[in-house]
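>>> Need a 3D model of the following:
(2 chains)
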Amino acid sequence: MIKGIKGVKDILPEETPRWRFIEETARRWAGRYGFQEVRIPIFEVTALFARSIGASTDIVEKEMYTFPDRDGTSLTLRPEGTAGTVRAFVEHNRASDPLPQKYYYLGPMFRHERPQAGRLRQFHQFGVEFFGTEDPRADVEVISLLWGLLSDLVLPDLTLEMNSLGSSTDRAAYLPVLVSFLKGRLNRLCANCQRRIETNPLRVLDCKVPECRAATEDAPELLSHISSEARQHFQQVLDGLAALGISHRLNPRLVRGLDYYCLTAFEITSSHLGAQNAVGAGGRYDGLVEALGGPKTPAVGFAVGLERVSLMLPDRSLPPGIPPVYVAAFGPEGGPAGIRLLEELRRAGISAVTDYRSTTLKAHLRQADRAGSRYTILLGDDEARRGSVVVRNMDTKAQSDVSFADISRSLLSQISPS
RNA sequence: GUGAGUGUAGCUCAGUUGGUUAGAGCGCCGGAUUGUGGAUCCGGAGGUCGCGGGUUCGAAACCCGUCACUCACCCCA
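Residues are numbered from 1 along each chain as shown, chains lettered A, B, ... in the order given. Model prediction:
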């Protein structure tokens, strides 16, 4: 038997209503904030991701699905959506059109990682990118959209965490200070963190090992090393959130994994997710458009992990589905009449099903019950001769005769009582 | 890439210190007289016990290997 690829999941019919609901809710919220959908390719030239995400990040170093095209060009399945969106923005000269511009995307992403709860090799993200303004109110708007969306879905125990990474020069100045502090207490850090001092010192501050926490208790904070402009920007973002009644927790240790972030960094976590507790995260990336060959264009955005949303989404958040009408046609005359009736109902816009294997009314009703139908149409030889059917309400068991001519109209009024 | 746990029917799982033909519940199909579902009762279909090797008179069980899944580390949404 050929099986699916590790970490790549089928979403079966039982699950698709839940996914559609999440996607529709995301689109609705994006629309409310004036974001428009962009559909970018699922694969791109590898260099795009190396340049934008950062050549020394884990994603680029070991998690990308990369393969040669027939002419040898290195291609990569997209590991995230920002790079492609920015590439499209630059390639189509969108910066020459009136700014700001607001895009959203929705779709699969690919990273070669060991699968785990809330983490797959093919996963899905919804993300937005707000181009063309460095105004902190844009940051607030994007966070407000993310918060509103997740709250609307009634996800449990959400926490918004905020930090500022400062400008890139702020970070460059801060890193040596941090590294020398960490080297001063090297022996108190876990093996992982000792390695991380070289690879990603900011991460040491985010380590979960208690000893590391204690050792870095009084570490110099990035937040107190950022420029006054950056500090002011951050304060305005926080004030803006407060004005909208969105509460947050300051997390000076919050670090974004991708190189392109600067200034505002945020993350929404939930305690209901296991180890991978971030549902959505984002920040500002003022230098990325320029880095990819476009004009200097500030931008803010976020991405949401849809699998993680799905894991947390309570069933009660889902709208009930519309059950189909079941046509129970049997007998030499009823059977053919049923086929014609099915066709008529479907053309009238009614979801109608039957089971061709069932030859008795009993078998049909069992199928109708299983299909979850609220109305079943009984159509045997008697009805076929009479020119009418019996409409059975499956909940109340009430039955009534309806003539062939009136069936569609009658059902439509009962199915959608509004 | 590293570590731990788990692999028996479509699903959830039993299966004694190794012993005859591998079980249950749910689900599925059919029946309980002539045209009425869910409940109950009865019957039926469905399994190379993940795969390969080894030990043994005998392996679902013990040993070795391998693969898959799950969770966690790393990292991230």
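
>>> Apart from its chain neighbours, what residue comes closest to A:Lys102?
Spatially, and ignoring its direct neighbours in sequence, A:Lys102 is nearest to A:Phe35 (4.3 Å; C-beta to C-beta, 6 or more residues apart in numbering). Just so you know, the C-beta spots here come from the backbone N, C-alpha and C atoms, and that holds for glycine as well.

>>> ditto for A:Val204
A:Cys193 (4.6 Å).

>>> Go through the strand or helix carrying the one you found and flag the buried ones.
Here A:Cys193 sits within helix A:191-199, counting by DSSP states H and E. Across helix A:191-199, burial judged by 16 or more other C-beta atoms under 10 Å covers A:193-194, A:196-197.

>>> which residues in the stretch 101-250 of chain A form strands?
For the stretch 101-250 of chain A, applying DSSP state E, counting those that start in this stretch gives strands covering A:101-110, A:122-131, A:158-164, A:249-250.

>>> export those to CSV and tack on distance to RNA strand B?
Shown next, in CSV, are the strands of the stretch 101-250 of chain A (distance: least, C-beta to the nearest atom of the strand, whole Å):
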stretch, distance to RNA strand B
strand A:101-110, 7
strand A:122-131, 4
strand A:158-164, 11
strand A:249-250, 16
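
>>> Between those strands, which one is closest to A:Arg386.
strand A:101-110 (51.7 Å; C-beta to C-beta).

>>> What strands line up against that closest one, and which way round?
Under the criterion DSSP bridges, strand A:101-110 sits next to strand A:36-37 (parallel), strand A:122-131 (antiparallel) in its sheet.

>>> So, low pLDDT: which residues of chain A?
A:208, A:210, A:257, A:416-418 (pLDDT under 70).

>>> Please parse it into its domains.
As recorded under automatic domain parsing, the domains making up chain A are A:16-167+A:226-317, A:325-413.

>>> With mean neighbour count added, can I get these in CSV?
Listed next are the domains of chain A as CSV, based on neighbours: other C-beta atoms under 10 Å:
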stretch, mean neighbour count
domain A:16-167+A:226-317, 18
domain A:325-413, 17
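
>>> now those domains in TSV, with distance to A:Cys207?
Shown next, in TSV, are the domains of chain A (distance: least, C-beta to C-beta, whole Å):
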stretch	distance to A:Cys207
domain A:16-167+A:226-317	9
domain A:325-413	50
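
>>> contacting residues for A:Glu161?
Applying C-beta atoms under 8 Å, 6 or more residues apart in numbering to A:Glu161 gives the contacts A:248-251, A:254, A:266-269.

>>> Show me which of those residues is closest to A:Leu150.
Set against A:Leu150, the nearest of these by C-beta to C-beta is A:Ile268 (6.1 Å).

>>> Could you confirm the closest one falls within a helix?
No: assessed with DSSP: H, G, I helix; E, B strand; the rest coil, A:Ile268 is strand; it does not lie in a helix.

>>> how near is it to RNA strand B?
Per C-beta to the nearest atom of the strand, to the nearest Å, A:Ile268 is found 8 Å from RNA strand B.

>>> so who does that residue touch?
Counted by C-beta under 8 Å, 6+ apart, A:Ile268 has contacts A:146-147, A:150, A:158-161, A:278-281.

>>> one more time with 6 Å, if that's ok
A:158, A:160, A:279-280 (C-beta atoms under 6 Å, 6 or more residues apart in numbering).

>>> Ok, A:Leu258 next?
A:Ile53.

>>> Check which helix or strand it maps to.
Using DSSP H and E, no helix or strand contains A:Leu258.

>>> before we move on, back to that, and the contacts of A:Ile268, which two are furthest apart?
A:Leu160 and A:Val279 (10.4 Å).

>>> So the nearest residue to A:His225 once chain neighbours are set aside versus RNA strand B, what's the distance?
Among residues not flanking A:His225 along the chain, A:Tyr174 sits closest, at 4.2 Å (C-beta to C-beta, 6+ apart). For A:Tyr174, the distance to RNA strand B equals 17 Å [C-beta to the nearest atom of the strand].

>>> how about the residues of the stretch 201-350 of chain A near RNA strand B?
By the rule C-beta under 7 Å from any atom of the strand, the part of the stretch 201-350 of chain A lying against RNA strand B is A:203, A:207-208, A:255-258, A:267, A:274-281, A:303-305, A:307-308.

>>> What of the stretch 1-150 of chain A?
Going by C-beta under 7 Å from any atom of the strand, the residues of the stretch 1-150 of chain A near RNA strand B are A:3, A:6-7, A:57-59, A:63, A:80, A:111, A:113-120, A:123, A:125.
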